[in-house]
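Trainee: show me the folded form of this:
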Amino acid sequence: MSGQLKEVRNRIKSIQSGQQITKAMKMVSAAKLRRAQDAILLMRPYALKLQEMLQNIVSNSEGNIDTPLAAQRAVEKVLIVVVTSDRGLCGAFNSNLIKAAKRVIREKYAEQFEQGKVEIMPIGKKGYDHFLQNGYKVNDKFWQIFTSLSFEHVKEAASVAMNGFIDGTYDAVEIIYSEFKNAATQIFVSEQFLPISKVENQDSSKMKADFIFEPEKEVLVAELMPKILNTQFFKAILDSHASEHGARMTAMDKATENASEMLRSLKISYNRARQAAITTELTEIVSGAAALAG
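Mentor: Numbering: from 1, shown residues only. Modelled structure (predicted):
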């Protein structure tokens, strides 16, 4: 009985130690989430407006403007950018992103994948490790972006995708990332990065965009397109960064709650075992006293 009590006591101490760790990790993730959330909420309106403007220009160009980043061609070679995290302990966040990437390959690029013409650009260590270990063709230059997250580092990765599309290395570029909504909600998104998609079936009730270009349209669009695409790429990474911390905070909160439930159950078991041990000892004492009296 004493051995059983000791085992329960050890389990209680172990769970209490783990609970302290999960509480600390939750607090750290909450602090990081606030910063990451502020960054994406400030960035998102600007990025969405730029994207809307870019699609409008491309849609209304009427073929009279050279837009190599919007060139539609037969898709033979594909680059898929998968934005995961560097660390785990964030629930199913990374596994859901990896599943989303595999689903896109299976549903849209199965033929290209069979021919070895699908390349993965992982952003984050978890995605890099998974795709490398499972035999995918991997671009290994940018998976460490989160160690020093900045617009300049992200722009380098975006430039590789854009230059590769222009020179024909890739015929399509997609980004798989998690769009941040709140700490408990992440939306896993597959977004076409290149070629720039046109807005189809526009509502006729809406006025066609009428931009005044200064300098010439060709010069301005050639200058603006890469800048806007860099911004879109950066927004996707900021979205995933905030989603990661939200997922980790939620996971650590749930782990802390589960630890509390386990502690409650173990303490009840411990008290019952202790009470049974005391009852047994009292019974032995009474029986011994009765035997001596007899």
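
Trainee: how about the helices in this protein?
Mentor: For the chain, applying DSSP state H gives helices covering 2-59, 93-108, 110-114, 125-133, 151-166, 217-293.

Trainee: out of the ones you listed, flag the one nearest residue 194.
Mentor: helix 151-166 (4.5 Å; Cβ to Cβ). Just so you know, the C-beta spots here come from the backbone N, C-alpha and C atoms, and that holds for glycine as well.

Trainee: and the helices of the chain: which comes nearest residue 142?
Mentor: helix 151-166 (4.2 Å).

Trainee: which residues touch the closest one?
Mentor: Applying Cβ atoms under 8 Å, 6 or more residues apart in numbering, the contact partners of helix 151-166 are 68-69, 79, 81, 121, 123, 139, 141-142, 145, 169-173, 193-195, 226, 229-230, 233-234, 237.

Trainee: in that helix, what counts as buried?
Mentor: By neighbour count with 16 or more other Cβ atoms under 10 Å, helix 151-166 contains the buried residues 153-155, 157-158, 160-162, 164-165.

Trainee: got it, and stretch 189-200?
Mentor: Neighbour counts over stretch 189-200 (16+ other Cβ under 10 Å) mark 189-191, 193-197 as buried.

Trainee: mean confidence score for stretch 163-176?
Mentor: Over the span of stretch 163-176, the pLDDT mean works out to 95.

Trainee: return the alpha-carbon coordinates of it using CSV.
Mentor: Listed next in CSV are the C-alpha coordinates belonging to stretch 163-176 (Å, rounded to 0.1, in the frame of the first residue of the first chain):
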residue,chain,number,x,y,z
ASN,A,163,12.3,35.7,-60.8
GLY,A,164,11.7,31.9,-61.2
PHE,A,165,8.3,32.6,-62.6
ILE,A,166,9.6,35.3,-65.1
ASP,A,167,12.5,33.1,-66.4
GLY,A,168,10.2,30.0,-66.7
THR,A,169,11.7,28.0,-63.8
TYR,A,170,8.1,27.9,-62.4
ASP,A,171,4.8,28.2,-64.2
ALA,A,172,2.8,28.7,-61.1
VAL,A,173,3.5,29.7,-57.5
GLU,A,174,1.1,28.9,-54.6
ILE,A,175,1.4,29.9,-50.9
ILE,A,176,0.0,27.6,-48.2
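
Trainee: okay, residue 278: pLDDT?
Mentor: Here, the pLDDT recorded for residue 278 equals 82.

Trainee: picking up where we left off before, can you flag which of the contacts of helix 151-166 belong to strands?
Mentor: 79, 81, 121, 123, 172-173, 193-194 (DSSP state E).

Trainee: can you say which of these are buried?
Mentor: Buried by 16+ other Cβ under 10 Å: 79, 81, 121, 123, 172-173, 193-194, out of the ones in strands among the contacts of helix 151-166.

Trainee: low-confidence ranges in this structure?
Mentor: Across the chain, the ranges flagged by pLDDT under 70 are 1-2, 58-66, 198-211, 213, 294.

Trainee: let's see it at 50
Mentor: For the chain, the stretches with pLDDT under 50 are 63, 204-205, 207.
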